[in-house]
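# Got a predicted model here, sequence first, then my questions.
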Amino acid sequence: MSDLTPILGKKSTLSVGAGTTVINGIKHIAHSGNKVDTEDVSELNDETIDREFMGTLRDNGSISIDGNYYPSDAGQQQVAAAYGAASSVRVPFVVTYPDGSADKFVGIVTSWSTDLQNDKYIQFKAEIKISGAITSTSSASTTSTTTTTTAAA
């Protein structure tokens, strides 16, 4: 049996603007869509009929968030402003986990919306496209590692 213990998401935060402003009201943070593109490198003179592939560029995906809308929250205001500014505005973000580890990245806010219903609190949603590498910092040390890798020769 290992000493691995799952971590509850409670007390996780997402900060905007180099990690200085916490976005309050978030109920859900999801990272998805990360993948490595591939190129078919099969050759005409290959001995087998099997295709061969090599990895090319990595896409670190997107972060989607949703939660309670607070019009006066500085973090929500910054995300909404980044969406409204221009499609090319890249903004620094930091996801901080309850154990103190963190993921830092730069992203483009690709969507921002609110949901108003008669019998519910106002909710917000946003999508952030990650641009470039994610730098992960472990809670066990003060060193950080970047999730970049090099292709095998």
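Yes, it's here.

# pLDDT value on T20, please?
Residue-level confidence at T20 comes out at 79, pLDDT.

# Over to S62?
97.

# Same check on E47?
89.

# Also G107?
Predicted confidence (pLDDT) for G107: 95.

# I figured it was touching V91, is that so?
Yes - taking CB atoms under 8 Å as the definition, G107 is a contact partner of V91 at 6.2 Å. Using the backbone N, CA and C atoms, a C-beta is placed for each residue, glycine as well.

# out of the two, which sits in the busier spot?
Using other CB atoms under 10 Å, the more surrounded residue of G107 and V91 is G107, with 23 against 20.

# Name the nearest residue to that one, ignoring sequence neighbours.
I128 (4.0 Å; CB to CB, 6 or more residues apart in numbering).

# Can you classify that neighbour as helix, strand or coil?
Secondary structure, DSSP: H, G, I helix; E, B strand; the rest coil: I128 is strand.

# Is the residue minimising distance to the centre of the chain within a helix or a strand, and which one?
In the chain, the centroid-proximal residue (CA atoms, centre = their mean) is I63; its distance is 3.8 Å. Assigned by DSSP states H and E, I63 falls within strand 62-68.
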